[in-house]
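Q: Got a sequence here, can you model it:
(one chain, ligands or ions: 2)
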Amino acid sequence: MNDPEGKPLEEAPLFLPASRLQHLLDALVRAGFRCIGPRLRDGAIVYGVLDRATELPAGVTDIQAPGSYRVGRTEGPRMFAWANGPQALKPLLFSPHEDLWHAERRLDGGLEFIPDLPNADPLAVIGVRACDLAALALHDQHFLHGAYADPYYARRRSELFLVAVNCSHPAATCFCASTGDGPCATCGFDIALDELDDGFVATCGSERAHALLAGLDLAPATPEQVSEARRQSEQAAQAQTRHLPSRNLREALFANLENPRWAEVAERCLSCGNCTSVCPTCFCHREQEQPSLDGSSSAHTREWNSCFARDHSYIHGLTFRPDTRTRYRQWLTHKLGGWHDQFGRSGCVGCGRCITWCPVGIDITEEAMAICGSRT
Ligand code: SF4
Ligand code: SF4
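A: Residues are numbered from 1 along each chain as shown. Ligands and ions are numbered 1, 2, ... in the order given. Model prediction:
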């Protein structure tokens, strides 16, 4: 359960045997939630509808490196022995493409503006990682608690139930320990699970989770199980080899706007925008009108955009970031610098996705280190 600041109150963790994970899914369905969770599809672990616990990727792991993602087999039956897939929570809440409102011409010639708010059903997400909870908190800050709350995001967000799973198998690209966002989830979840060989240590994070777990009649986790869970998290943090030079690179980045490294990275960068698509915190978008051919209606749509796209910096006849050097510089200085002014922290939660899914393997930690590592 949470205290008034959203941090979980101390409550003795429970033990959920692996054979009873289905009972948790069933309880969520009885409580009115549709469950989604990690599924193995087309060679990647992605979110999909989860009716049965047996649909989870048991015995599967991921092997990630700059520009490379593969799945492999593990010897054990664990279901969460992998780091993260290409998706975060972002597409579930901030839709890649949606109609915000549409206008229709009335018979008297006037225009009627009709909001297109989404239908959002209660949704339970199983297997959320700590880095993605940290990204969600940043999106909440922007979409819910800014000057104007976004009703599209808010509607989906209000229906979310989050079952986190603490990371025990970080990828080679992960660096959440250095940003302070993982590998263990500390707040923002309803339930957090630590997977052991025979089941899960379950920590309750909300009133509604408390009621749900009480219905499962679980035994308390033993001190040995709790300490094994803690050991796993510590080991996962120690296993991470990448890190950023500092959690706050604002001064160092803005002092390095003319560093020759921007031109060097631009020689490799394709300006494809993969990094911003997979990034759980990036939320740039464009809005545009889509009028019908007969002029009787028009839809106002929003879709993801990227600071790597040419049109992203187009304004009044001028593209003010005309080349890859200035676009990459914009991305990094905003993500690791400007976010401190806007949100009080860096925009990077250390998930490592931009490293893995960059087609040429550009590594944000390497670039940050090269540009300002010695200055922090
Ligand atoms: S910048 Fe890269 S490592 Fe950081 S949150 Fe975004 S995708 Fe993850
Ligand atoms: S850094 Fe990599 S993923 Fe990002 S735009 Fe450049 S080539 Fe694409």
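Q: Check which helices and strands the lengthiest helix in the chain is in contact with.
A: Secondary structure assigned by DSSP state H gives helix 223-239 as the longest helix of the chain. Packed against helix 223-239 by the contact rule (3 or more C-beta pairs under 8 Å, 6 or more residues apart in numbering; DSSP states H and E) you find helix 176-179, strand 191-196, strand 199-204. From N, CA and C alone the C-beta is placed, and that goes for glycine too.
Q: any chance of those in CSV, plus mean neighbour count?
A: Converted to CSV, those look like this (neighbours: other C-beta atoms under 10 Å):
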stretch, mean neighbour count
helix 176-179, 22
strand 191-196, 25
strand 199-204, 24
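Q: On the C-terminal side of the longest helix of the chain, identify the next helix or strand.
A: Moving toward the C-terminus from helix 223-239, the next helix or strand (DSSP states H and E) is helix 250-254.
Q: who touches that following helix?
A: 245-246, 332-333, 336-338, 340-341, 368, 371-372, 375-376 (C-beta atoms under 8 Å, 6 or more residues apart in numbering).
Q: In the stretch 101-250 of the chain, which residue sits nearest ligand 1?
A: Ranked by C-beta to the nearest ligand atom, the top residue of the stretch 101-250 of the chain for proximity to ligand 1 is A135, at 6.4 Å.
Q: And that residue, how close does it get to A88?
A: Separation of A135 from A88 (C-beta to C-beta, to the nearest Å) stands at 6 Å.
Q: Can you list the buried residues in stretch 240-248?
A: For stretch 240-248, burial by neighbour count (16 or more other C-beta atoms under 10 Å) applies to Q240, R242, H243, L244, P245, S246, R247, N248.
Q: oh, I was asking about stretch 351-360
A: C351, G352, R353, C354, I355, T356, W357, C358.
Q: distance between the ends of that stretch?
A: 18 Å (C-alpha to C-alpha, to the nearest Å).
Q: For the residue of the chain most remote from its centre, give me the pLDDT.
A: Computed with C-alpha atoms, centre = their mean, the residue of the chain farthest from its C-alpha average is D108, at 47.0 Å. Looking at D108, its pLDDT reads 93.
Q: where does this protein come near ligand 2, residue by residue?
A: C269, L270, S271, C272, G273, N274, C275, F308, C358, P359, V360, I362 (C-beta under 6 Å from any ligand atom).
Q: By neighbour count, which of these wins?
A: Ranked by neighbour count (other C-beta atoms under 10 Å), the residues of the chain next to ligand 2 have C275 at the top, with 25 neighbours.
Q: My read is that it contacts V360, right?
A: No. Using C-beta atoms under 8 Å as the test, C275 is too far from V360 to be in contact (10.6 Å).
Q: For ligand 1, tell me which of the residues of the chain next to ligand 2 show up nearby.
A: Okay, of the residues of the chain next to ligand 2, nothing touches ligand 1 (C-beta under 6 Å from any ligand atom).
Q: wait, which of those is closest to ligand 1?
A: Closest to ligand 1, out of all of the residues of the chain next to ligand 2 and judged by C-beta to the nearest ligand atom, is C275, at 6.2 Å.
Q: packing partners for the host helix or strand of Q22?
A: Using DSSP H and E, the element containing Q22 is helix 21-30. Helices and strands touching helix 21-30, by 3+ C-beta pairs under 8 Å, 6+ apart, are strand 34-41, helix 207-214.
Q: Show me what from the protein comes close to ligand 1.
A: So the chain meets ligand 1 at 278-281, 335, 348-354, 364 (C-beta under 6 Å from any ligand atom).
Q: Which pLDDT value goes with the closest residue in space to A239 that isn't next to it in sequence?
A: Distance criterion C-beta to C-beta, 6 or more residues apart in numbering; nearest residue to A239, sequence neighbours excluded, is P170 at 5.6 Å. pLDDT recorded at P170 is 97.
Q: What's the separation between P170 and A130?
A: In terms of C-beta to C-beta, P170 sits 10 Å off from A130.
Q: what does L50 give?
A: On the measure of C-beta to C-beta, L50 and A130 end up 20 Å apart.
Q: quick one: which of the helices and strands packed on helix 223-239 is nearest Q232?
A: Closest to Q232 of the helices and strands packed on helix 223-239, according to C-beta to C-beta: strand 191-196, at 6.4 Å.
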